[in-house]
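Pasted the sequence and its predicted model underneath.
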Amino acid sequence: MAHAGFWAVALALAAVVTAVLAAAMRRGRTEAVAAVADLAIYKDQLAEIDRDFARGTIGPDEAKRLRDEVSRRVLEADRARTEGADPTTEGGLPVAVVVILGAVLLAGSIYGYWRIGAPGYPDLPLQARLAGLDAAIAARQTQAEELARLGVAIDVDADAQLRAVLAEETDLDLLRQAFAVRFSEGETHGAVLTMERLITVAGTNVTAGDHANHALALVAEAQGYVSPEAEAALRAALSLDLGSEVARYLVGEMFLQGGRFDQTFRFWRPLVENGNPSAPWVISIRERIGTVAGLAGIPYQMPAGLGPDAGDMAAAAEMTPEDRQAMIEGMVTQLSDRLATEGGDVEDWNRLIRSLAVLERLDQAQAIYDEAKIRFEGRPAELSFLRLAAVETGLNP
């Protein structure tokens, strides 16, 4: 058998533990037997005291003192005998029962570890695990490799034509407008090329927002994957503005994809507590920060006012499935009516799309998403999060 040394040690330890438990279970019966023998001796002593008193060898006071002492020992012995015989105290189980229980314990331990354990697996301390995750993040696929994996094909001729057009453009405002149009229309590769040209033209005048939009386009092109190229753009954005919310959000996503939940929490917590409450990325983070904190092993409770209160949670918990469905239907209708008449922020559209998906009204959700794309045309950040909602709910982005 593989790992024979490990199993030999494990079996030896299990046998020792079983022997200790068996001895403990038998101890009650042993003590009970000893107590019965003591009772017989104490009865003989009482009879001897009575004979000595009758012969006059001891006086009344001495006879009383001896009887009291022996009677006390009789009571203690009788108590030990009673407790030893009680299966709810010391046990005192028969040998056969002890053997059967020991065998079940030993076999059950071996079977349980064989099914859910990891025989021969080496120790993996926390620092080693974190180092391994960091190494995996550093060695993750490039943008091109991920696009190939996703089956995203690049039209070489169209790509060359767009590069030629962009090479002649030097106006930063026009490049930013072109980026917004391409991104909002779902031309993510064109948006990436536009931002690359903009950053080249801007030189030292490039902004943190430009780098963040470059990363946003790369992430959208890779369908949510934060590649090393996107990471480089994010680092450039944060080097110019450490408080860039979009950059911090996407860096957190990168660490989330790599299993470094502690780093995700570090980047996201300031956004939850101090970020723009109406920003779509802040709303997305609030929905997941509790799970991220739990995965990182960090106790965290969202500050009051940033999520549903205890009363809301209690009321929802007491609802029947029918009542909860009716509540969702009512909320969806109300929200849909408000957006149709008054409009709303991107988080309202995001919430409506997801709610319709929960209700399995995908055709209506698709129509709402298509309308939202028109409403937020020219606003790449908002369109990116609407696109994420569409992808996650199975719509056509």
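That came through fine. Numbers count the residues shown, from 1 in each chain.

From now on I want contacts and neighbour counts done on CA atoms only, so please keep to that.
OK.

Tell me how the protein divides into domains.
For the chain, the structural domains run 4-116, 140-243, 259-306, 318-397, going by automatic domain parsing.

Out of the ones you listed, which is closest to residue 250?
Nearest of these to residue 250, taken as C-alpha to C-alpha: domain 140-243 at 7.4 Å.

how far is that closest one from where the chain is centred?
33 Å (C-alpha atoms, centre = their mean, to the nearest Å).

For that domain, measure first residue to last.
Start and end residues of domain 140-243 are separated by 26 Å (C-alpha to C-alpha, to the nearest Å).

three-state assignment of residue 344?
coil (DSSP: H, G, I helix; E, B strand; the rest coil).

out of the domains of the chain, nearest to residue 133?
It's domain 259-306; of the domains of the chain, that one is closest to residue 133 (C-alpha to C-alpha) at 6.6 Å.

Same list (the domains of the chain) but as TSV, adding mean neighbour count, distance to residue 252 and mean pLDDT.
Listed next are the domains of the chain as TSV, based on neighbours: other C-alpha atoms under 10 Å; distance: least, C-alpha to C-alpha, whole Å; pLDDT from 0 to 100:
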stretch	mean neighbour count	distance to residue 252	mean pLDDT
domain 4-116	15	32	68
domain 140-243	18	10	91
domain 259-306	17	4	83
domain 318-397	16	15	72
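
Now the residue most central in space within the chain. Nearest residue, chain neighbours left out?
Note on the chain: the residue nearest the mean C-alpha position is residue 295, at 3.4 Å, using C-alpha atoms, centre = their mean. Take residue 295 and drop its neighbours on the chain: the residue closest to it by C-alpha to C-alpha, 6 or more residues apart in numbering is residue 261, 6.3 Å away.

got the contact list for that neighbour?
255, 292-293, 295-296 (C-alpha atoms under 8 Å, 6 or more residues apart in numbering).

end to end, how far does stretch 181-194 reach?
11 Å.

actually stretch 273-287, sorry about that
13 Å.

Can you list the neighbours in contact with stretch 172-187?
Outside stretch 172-187, the residues touching it (C-alpha under 8 Å, 6+ apart) are 169, 188, 190-192, 194-195, 197-198, 201-202, 217, 373, 376-380, 383.

Which residue, other than its chain neighbours, is closest to residue 368?
Of all residues beyond its chain neighbours, the one nearest residue 368 is residue 353 (6.6 Å), with distances taken as C-alpha to C-alpha, 6+ apart.

quick one: which helix or strand includes that neighbour?
In this assignment (DSSP states H and E), residue 353 forms part of helix 346-358.

Can you name every helix or strand that that helix contacts?
Applying 3 or more C-alpha pairs under 8 Å, 6 or more residues apart in numbering; DSSP states H and E, one finds that helix 346-358 makes contact with helix 280-296, helix 321-341, helix 362-375, helix 380-392.

In contact with the spatially closest residue to residue 150 that is not a sequence neighbour, which residues?
Counting by C-alpha to C-alpha, 6+ apart, the nearest residue to residue 150 once its immediate chain neighbours are dropped is residue 222, at 7.9 Å. The contact partners of residue 222, taken as C-alpha under 8 Å, 6+ apart, are 143, 146-147, 150.

returning to what we had before: adding distance to residue 249, write the domains of the chain out as a markdown table.
Formatted as a markdown table, the domains of the chain follow (distance: least, C-alpha to C-alpha, whole Å):
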| stretch | distance to residue 249 |
| --- | --- |
| domain 4-116 | 37 |
| domain 140-243 | 10 |
| domain 259-306 | 6 |
| domain 318-397 | 11 |
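
Select, out of these, the one closest to residue 130.
Ranking the domains of the chain by proximity to residue 130 (C-alpha to C-alpha) places domain 259-306 first, at 7.4 Å.

Run the chain-centre distance for the closest one.
In this view, domain 259-306 has its centroid 13 Å away from the chain centroid, taken as C-alpha atoms, centre = their mean.
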